[in-house]
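Peer 1: I would like to see how this sequence folds:
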Amino acid sequence: MKKISLNSDDINKIFNLNIEKQYFTGCNVDSRLIKKGNIFFAIKGKSNDGNKYIAEAKINGATLAIVEKKDHKVKIPQILVNKSHLILIKLAKFIRNNSKSKFIAITGSVGKTSTKDALAHILKNEKNIFSARKSYNNIFGVPLEILNMPNNTKIGIFEVGMNHKNEIKKLISILKPNIGVILNINYVHGGNFNSLKDIALAKAEIIDEKYPLDTLIVNKDTTHFKLINAKARKIKIKNIFTYSTNKNANIMLDDFRINKSQLNIAICIYEEKKIKYKMNSTNSYLITNTMALIACLKSIKYDLNLIKNLKDLSITKGRGNITKLKKDNKIIKLHDHSYNSSPTSLFASLNSFLKISNQKNLIIVGDMHELGSKSNYYHIKVLNFLSKNRNSIHLLVGKNFFKNRKKYSSANMHFFNNVEYLNSEIVNFVEQINKIFIKGSNSIGLYKTVNYLNNIMQIKK
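Peer 2: As a prediction, this is how the structure comes out:
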């Protein structure tokens, strides 16, 4: 069983206590996810109060609880504090300040989690590598995952997200990364910003004068690269690695080919070395992020050939994974992008999909959320794009698309106010198609459509 860096000696020192000597195996804020030897942080939120679940945390294995209200019926040490969340951050800072691990922080408008997971995958056979879980990238998730690092971690891989200005700045003050990665700047969470420049400035908070990076890795093709580069040079970051698919950069795309269900990629590094590798996907827009992975390997001084481990990377469910379904002895490939959506990621994934399939497809697109005043503009842009694709049947889901149904309804454009309505009608559209593409913002719930299709059709192994 793994041991995390935080132990009872630290707790006694920080809180001036004398609890029994023990090692902890992890931390959590969800009592249902607590495991044996964990610390439970009972946090009171807007809709739920973790202080009501101390007993459940103990039953599941918690050996210490940080609480805002003690439960005297529960026989484990409970440390009473004013704000459990602030203590979570305090302890994370304590561990970070005493850690000799090298920390990598990945940000960007799209692709943070999949890039983090891909980096962990290519380093899977290396010792003492830690990667934060899922999309634990906010003011709760980042400190929690710092505390969950095993005590012998050599490389810690994290992602940092934001919805508002100064969010990344707060995360960087906790994480203090050695290496920062900016994947892209796109119109995501646009409702909280006035412009793409403002989004770029928020992402550039990863470049902090008080907690300077040793290395910045940045996509030279992204919007407002010059702004990011200027800030990095102003505070004199020691190493700046750039990558690009079409510009002069440290790491550049040489060539790529789609072969059946694989990408064959060739990359030039500093115009001196060429490296070739394969990826188990046909989504060419993913190539850019693989160059960021090469830059990470170079920054931590690991063998660049580890990138070849991408050949057996399984795409995370809902992020472009392909499932083979069988209906009436016909194989239908389901391309599942249902986890989330933004204008940039939608057009990139659609273009990649349409390049490999000129047959009659079923394209299901859900609303894109958090676009603010530009929401209608981008949804109309999607409708104009799809209306020109006469080869496919298009099912548009959600209120933003539905309000435009009168102008765009046609034999190959159908509109649904919600996923439940879509699922009740979808069987009428799967008879004459060979491939299905699904993408939308997570809150639309298109994962329910994916599950429904998996249930009504036989999954082919």
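Peer 1: Below-threshold pLDDT in the stretch 101-250 of the chain: ranges please.
Peer 2: Within the stretch 101-250 of the chain, no stretch falls below the threshold (pLDDT under 70).
Peer 1: all helices of it, in order?
Peer 2: Secondary structure of the stretch 101-250 of the chain (DSSP state H, counting those that start in this stretch): helices at 112-122, 141-147, 167-175, 196-203, 225-234.
Peer 1: now what about the first one, what contacts it?
Peer 2: This means helix 112-122. Contact with helix 112-122 is made by 104, 106, 108, 129, 131-132, 134-135, 137, 157-161, 181, 183, 286, 289-290, 292-293, 296-297, 306-307, 309-310, 313, 315-316, 319, as judged by C-beta atoms under 8 Å, 6 or more residues apart in numbering. Just so you know, the C-beta spots here come from the backbone N, C-alpha and C atoms, and that holds for glycine as well.
Peer 1: Just the buried residues of those.
Peer 2: Buried by 16 or more other C-beta atoms under 10 Å: 104, 106, 108, 129, 131-132, 137, 157-161, 181, 183, 286, 289-290, 292-293, 296-297, 306-307, 309-310, 313, 315, 319, out of those.
Peer 1: Please narrow the residues you listed to those residing in strands.
Peer 2: 104, 106, 129, 131, 157-159, 181 (DSSP state E).
Peer 1: For stretch 377-384, buried residues please.
Peer 2: By neighbour count on 16+ other C-beta under 10 Å, the buried set for stretch 377-384 is 378-379, 382-383.
Peer 1: just the residues you listed now: which is nearest I11?
Peer 2: Taking C-beta to C-beta as the measure, I11 lies nearest Y378 of these, at 49.2 Å.
Peer 1: can you list the helices of the stretch 101-250 of the chain in TSV and add mean neighbour count?
Peer 2: Output for these, formatted as TSV (neighbours: other C-beta atoms under 10 Å):
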stretch	mean neighbour count
helix 112-122	22
helix 141-147	24
helix 167-175	20
helix 196-203	19
helix 225-234	16
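Peer 1: Is it possible to get a markdown table of the ones in strands among the buried ones among the contacts of helix 112-122 that adds distance to I237?
Peer 2: Converted to a markdown table, these look like this (distance: C-beta to C-beta, whole Å):
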| residue | distance to I237 |
| --- | --- |
| I104 | 15 |
| I106 | 16 |
| I129 | 24 |
| S131 | 24 |
| I157 | 20 |
| F158 | 18 |
| E159 | 20 |
| V181 | 13 |
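Peer 1: Pull the most distant pair out of these.
Peer 2: Spanning the widest gap among those are I129 and V181, at 15.9 Å by C-beta to C-beta.
Peer 1: Just give me the neighbour total for K406.
Peer 2: 7 (other C-beta atoms under 10 Å).
Peer 1: what about it, distance to H121?
Peer 2: 47 Å (C-beta to C-beta, to the nearest Å).
Peer 1: next one: I294
Peer 2: From I294 to H121 the distance is 14 Å (C-beta to C-beta).
Peer 1: What of K203?
Peer 2: 24 Å.
Peer 1: which residues does I157 contact?
Peer 2: Applying C-beta under 8 Å, 6+ apart to I157 gives the contacts 104, 106, 116, 119-120, 129-132.
Peer 1: from those residues, which is closest to I436?
Peer 2: K116 (27.6 Å).
Peer 1: Show me which of the ones in strands among the buried ones among the contacts of helix 112-122 is closest to N98.
Peer 2: N98 lies nearest to F158 out of those, by C-beta to C-beta, at 17.2 Å.
Peer 1: so the closest one makes contact with N138?
Peer 2: No - with contacts counted by C-beta atoms under 8 Å, F158 stays clear of N138, the gap being 11.3 Å.
Peer 1: All the strands of the stretch 351-461 of the chain, in order from the start?
Peer 2: Using DSSP state E, counting those that start in this stretch, the strands of the stretch 351-461 of the chain run over residues 361-366, 393-397, 413-416, 435-439, 458-459.
Peer 1: Point out the one among those strands that comes closest to S99.
Peer 2: Closest to S99 of the strands of the stretch 351-461 of the chain is strand 435-439 (C-beta to C-beta; 38.5 Å).
Peer 1: Buried residues, the closest one. List them.
Peer 2: By neighbour count on 16+ other C-beta under 10 Å, the buried set for strand 435-439 is 435-439.
Peer 1: Describe which strands that strand pairs with in its sheet and in which direction.
Peer 2: With DSSP bridges as the test, strand 435-439 is paired with strand 330-337 (parallel), strand 361-366 (parallel).
Peer 1: And for the longest one, what's in contact with it?
Peer 2: Residues lying outside strand 330-337 but in contact with it, judged by C-beta under 8 Å, 6+ apart, are 317-326, 345, 349, 353, 430, 433-439, 450, 453-454, 457, 460.
Peer 1: Mind doing that once more with 7 Å?
Peer 2: Defining contact as C-beta atoms under 7 Å, 6 or more residues apart in numbering, one finds that strand 330-337 is touched by 317-325, 349, 353, 430, 433-439, 450, 453, 457, 460.
Peer 1: Quick check on the residues you listed: which are buried?
Peer 2: Buried members of these, counted by 16+ other C-beta under 10 Å: 318-321, 323, 325, 349, 353, 430, 433, 435-439, 450, 453, 457.
Peer 1: Among those, which lie within helices?
Peer 2: Among the buried ones among the contacts of strand 330-337, the members falling in helices (DSSP state H) are 349, 353, 450, 453.
Peer 1: So which of the residues you listed is the closest to L213?
Peer 2: Closest approach to L213 among those (C-beta to C-beta): S349, at 30.4 Å.
Peer 1: Hmm, the closest one is touching K439, no?
Peer 2: Yes - S349 lies in contact with K439 (C-beta atoms under 7 Å); the separation is 6.1 Å.
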